[in-house]
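Chemist: just the structure for this:
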Amino acid sequence: MPVFAFDIETIPDVELGRRIFELGGPDEGLTDKEVGYVMQARRREAAGTEFLSLEQQRIVAISVALRTRDGFKVWSLGDSGAPEAELIQRFYDGIDKYTPDLVSWNGSSFDLPVLHYRALRHGIQAPRYWEAGEEDQAFRYNNYLNRYHSRHLDLMDVLASYQARARISLQSAAMLLGLPGKLGMSGDKVWSAYLAGQIEHIRNYCETDVLNTFLVYLRFELMRGRLTRDEFAQEQVLVRDYLRAQGRPHFDEFLAAWGEVPC
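Modeler: Residues are numbered from 1 along each chain as shown. Model (predicted):
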């Protein structure tokens, strides 16, 4: 079964913010940057946090680490100028093509609900993802939608035994396992990076996040006996060899920071 580790990066949906807060169009006063900060300020007043509600977040990057019987690869969907709708459609098209096991960190609470709302916004069709057994009986008791089914593995959720107080961040998990972690970037810096025109930097950061997620997944597979120690070591070699072959600076930085912590 192909494995599809994924992550998204988001910014404030300033178009929606203008409608919600009646701020007018970009020709009528506030810039997109100012609208974004208004949205965050209103959220802070209402909820005590600047973290926007999920429907107010626009996706600017989706990255995937794909493991199939033919090999391993990491990439960001679409090109750097692709509209949000194209990125989301490509994500669901990948599920239609591969029917993979999805792997995420906090995907149940964040990435997938954001994808749901934004797909709804753009009228995107994703029949394989939403299959629950009506057309394919194999999905009746194992689909992407049920929290306790295995077609989507939210590592944060499972490792915390589905207890909110037991959850840790991906950064904390990466540090625990001697993985590179965030490498100077984090989700709260994405909006500033986007405003600065650094979309490639955001996409590279998203790719390193899925690398961290995939490597935590490998350790989880070892822990639950799905991989032997030799197989686990071989999977790590596969990832290292792939990253070396790409010749991309953020992959080289990831490799340099990747420790050799024994199991």
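
Chemist: ranges for the helices of this protein?
Modeler: Counting by DSSP state H, the chain has these helices, from start to end: 14-20, 32-47, 84-98, 112-122, 127-130, 155-159, 170-176, 190-195, 199-223, 229-246, 249-257.

Chemist: what residues sit buried inside the longest one?
Modeler: Buried residues in helix 199-223, counted by 16 or more other C-beta atoms under 10 Å: 199, 201-222. In this view, the C-beta of every residue, glycine as well, is placed from N, C-alpha and C.

Chemist: can you check the fifth one too?
Modeler: Using 16+ other C-beta under 10 Å as the test for burial, helix 127-130 gives R128, Y129, W130.

Chemist: again with the fourth one
Modeler: In terms of neighbour count (16+ other C-beta under 10 Å), helix 112-122 has its buried residues at L112, V114, L115, H116, Y117, R118, A119.

Chemist: out of those, which one sits closest to G81?
Modeler: Nearest to G81 among the buried residues of helix 112-122: R118, at 17.6 Å, using C-beta to C-beta.

Chemist: for the protein, give me the ranges with low pLDDT.
Modeler: By pLDDT under 70, the low-scoring segments of the chain are 260-263.

Chemist: mind naming the longest strand for it?
Modeler: strand 57-68 (DSSP state E).

Chemist: just how off-centre is it within its chain?
Modeler: Relative to the centre of its chain, strand 57-68 is centred 5 Å away, using C-alpha atoms, centre = their mean, to the nearest Å.

Chemist: repeat that for stretch 145-161.
Modeler: Here the centre of stretch 145-161 is set off from its chain's centre by 15 Å, with C-alpha atoms, centre = their mean.

Chemist: quick one: terminal-to-terminal distance for that stretch?
Modeler: End-to-end distance for stretch 145-161, by C-alpha to C-alpha, to the nearest Å: 18 Å.

Chemist: how about residues contacting it?
Modeler: Outside stretch 145-161, the residues that touch it by C-beta atoms under 8 Å, 6 or more residues apart in numbering are 101-109, 112, 130, 132, 139, 141-144, 162, 166-168, 170, 173, 213, 216-217, 220.
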